[in-house]
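Peer 1: sharing a model prediction with you, sequence too.
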Amino acid sequence: MAAVDTTAEAGTIKAPGRDESAAVAGRDLRLVMLLPGVAAIVSLFVYPFLYGFLLSFQPNVGPALANYTRFFSEPRLFETIGKTLWLSFPITVFNVGLAVPFAFMLRRPSSGQRFLSTVLVIPMTLGTVLVAEGMLLYLAPNGWLNRTLIELGLLDQPVRLIHNYWGVALSQVVIGFPFAFMMMLSYTTGIDPNLARAAATLGAPPASQFRHIYLPLLAPGLAITFCLTFVQAFAVFPSAVLLGAPAGATRVISLAAYEAAFEDFDYSMASTVAMIMGAVQLIIVAAVLGLRNLAYRGPAVGGKG
Amino acid sequence: MMAVLRDRFLTNAWRWFVYGAMAFFVVNVFLIIASVVVSSLGTSWFTGWLPEGYTAKWYGAAWKEFQLYYVLIATVQITLAVVAISLMLGVPAAYVLARIDFRGKRLVLLTFLVPLLVPPITYGIPMATVLYQAGLGGTIWGVILANLVPSVPFVVLVMTPFIEQIDPRLESAARVFGASAFTTFLRILVPLLTPGILAAGILVLIRTISMFELTFLTAGPDSQTLIVALYYSVFAAGVRAQQSIDAMAVMYMVTTMTGLLIALRFVDPSQLVGRVDSKKASAT
């Protein structure tokens, strides 16, 4: 790994805190402090990933690609990709689509902004399991939501929102939207407000300011937020089991990987599913970043004038 | 004139729509959490807006039924070990990345960034496989090692800005007076970095308590944390009384919320996901 490569040439060391004598010797001994952290990540993340990749080509029976052909020939397995995409893609579009106008509206630092970001960080910290348990009660046929809707005369009978697609989708909103909003907020607050002010002087209403000033500058942040929110949603696991129909509509790909590893004890197949899961995530991320490259590239701050 | 009025009306309508949607979201999240708290305190709650009576007995029941004493011991051991180890590995690494330029730095940064971006369940399965083959799967050490993967990079990420704020001349001064690089680090930098180390430590603590996937994949019966025990009890709903599951959920919630409230004293939540200097933005 690169971390072992401690022979930094004297000329490449530019940091102000550099050590003269070490630089003369051609290496900075402080680099040693990097080693334990890098070693941990290499042995617990990089190595298992490579190991899993190789293991997926060593099936219990059959030729090297047997696991992959099995995955794509058994509907029970390959249909998990479609089910997971159907759960993650529309929800990500919804979450990010809602986060952008909200973050735009709260772009100026205020006490309200700080309060909202504090309130929104709470569902993120609670985690999916607790939210799932709460939603099982709140969305149940006799839960508060159905009760309110019936009292208001909006419904005749309770609407079924748990143990199906909608339960998992709603939990993805509760967990995913705050994340998308906080990401977008950090991008909208980073754009120089003078740019919009200049546009306003020339008579642009907020809607046009948003479309012609903010949106092009937000494109990179938007792409990254979309990718991260999507990748998290694609890896949905506990809520798909607890709030969904794990044998039916919400049999997601992570559940297939889990079952292969811990119910069939077929680690080779489990690695195969994990690799396919990673590959699908990678393809979507590459596609989004490719689209982003078509958009504006440039600074997000105005000149001195 | 009409156009200006229309624009102003649309802007205001839009503003109220956004605030309304925000309020709707926050109220629903609050009610989702309140459902759990109310249920855990109710005698029985099948019909009606609220339970028929109130009792605290479910907390005692949950404590016994789910053997929460042992679960809490394991949770404390695992989280404290993860916090200590990830700080010991992460702070020096963050220091090097903040101060020194070297060949392969981009690759090292990437190595630290990728584990934060890949969802735990994706890399968790191959990692659990390796840990089980090393004989560490199902043990407390397996859980601790698994949780280091997102924690060490997280410490690096949180610590880097704190280190960059420290004047490098302080280190140079210490070196002039003959302190070695490591003495300088321990005696000069670590004391100055205490607020940052505290913030990173508390954030790792919360993340580890609420980390479900990695702990779930590597834990054995005696190395479950609270969140994994909660998952299993919700999964097997019907075996135990609903209210005692909710009582356990409340205990979990109180644990994380306490950590969160402490953490919010040190860190601005909007800067946890993306780091932007809000002071600079408002000054311009």
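Peer 2: Great, that's in hand.

Peer 1: contacts, neighbours, all on C-alpha from now
Peer 2: Will do.

Peer 1: can you mark which positions in the longest helix belonging to chain A are buried?
Peer 2: In chain A, taking DSSP state H as the definition, the longest helix is helix A:75-105. Going by neighbour count (16 or more other C-alpha atoms under 10 Å in any protein chain shown), the buried part of helix A:75-105 is A:77-81, A:83-89, A:91-92, A:95-105.

Peer 1: could you do stretch B:175-184 as well?
Peer 2: Within stretch B:175-184, the residues scored as buried using 16+ other C-alpha under 10 Å are B:179, B:181, B:184.

Peer 1: ok, the residues you listed vs chain A, which is closest?
Peer 2: Among these, B:A181 lies closest to chain A (C-alpha to the nearest C-alpha), at 6.9 Å.

Peer 1: what's the spacing between the closest residue in space to the closest one that isn't next to it in sequence and B:P168?
Peer 2: Distances taken as C-alpha to C-alpha, 6 or more residues apart in numbering or on different chains put A:R30 closest to B:A181, at 6.9 Å, once the chain neighbours are dropped. To B:P168, A:R30 is 14 Å away according to C-alpha to C-alpha, to the nearest Å.

Peer 1: neighbour-wise, which of these two wins?
Peer 2: A:R30 (21 against 16; other C-alpha atoms under 10 Å in any protein chain shown).

Peer 1: what pLDDT does the more buried one get?
Peer 2: Note for A:R30: predicted pLDDT of 82.

Peer 1: now the helix or strand hosting B:L116: buried residues?
Peer 2: Using DSSP states H and E, the element containing B:L116 is helix B:105-117. Neighbour counts over helix B:105-117 (16+ other C-alpha under 10 Å) mark B:105, B:108-109, B:111-113, B:115-116 as buried.

Peer 1: ok, which of those residues also contact chain A?
Peer 2: B:105, B:108, B:111-112, B:115 (C-alpha under 8 Å from any C-alpha of the partner chain).

Peer 1: which one of these is nearest A:M269?
Peer 2: B:P115 (22.6 Å; C-alpha to C-alpha).

Peer 1: look at the closest one and report its pLDDT.
Peer 2: 91.

Peer 1: what is the neighbour count of the residue lying closest to it once chain neighbours are set aside?
Peer 2: The shortest distance from B:P115 to any residue other than its chain neighbours is 5.8 Å, reached at B:P150 (C-alpha to C-alpha, 6+ apart). If you count neighbours by other C-alpha under 10 Å, B:P150 ends up with 26.

Peer 1: was I right to think B:P150 contacts B:L117?
Peer 2: No - with contact defined as C-alpha atoms under 8 Å, B:P150 does not count as touching B:L117 (9.1 Å).

Peer 1: against B:V149, how distant is A:T189?
Peer 2: Using C-alpha to C-alpha, A:T189 is found at 31 Å from B:V149.

Peer 1: over to A:M182?
Peer 2: Counting by C-alpha to C-alpha, the gap from A:M182 to B:V149 is 23 Å.

Peer 1: what do you get for A:A257?
Peer 2: 20 Å.

Peer 1: just A:R114 next, same as before
Peer 2: 30 Å.

Peer 1: same question for A:G167.
Peer 2: Counting by C-alpha to C-alpha, the gap from A:G167 to B:V149 is 30 Å.

Peer 1: looking at these two, which has the bigger crowd around it?
Peer 2: Ranked by neighbour count (other C-alpha under 10 Å), A:G167 and B:V149 place B:V149 first, with 27 against 24.

Peer 1: list the helices and strands the helix or strand where that one lies packs on?
Peer 2: Element membership for B:V149 (DSSP H and E) is helix B:140-164. Counting contacts by 3 or more C-alpha pairs under 8 Å, 6 or more residues apart in numbering or on different chains; DSSP states H and E, helix B:140-164 packs against helix A:35-41, helix B:68-99, helix B:105-117, helix B:120-133, helix B:194-209, helix B:213-218.
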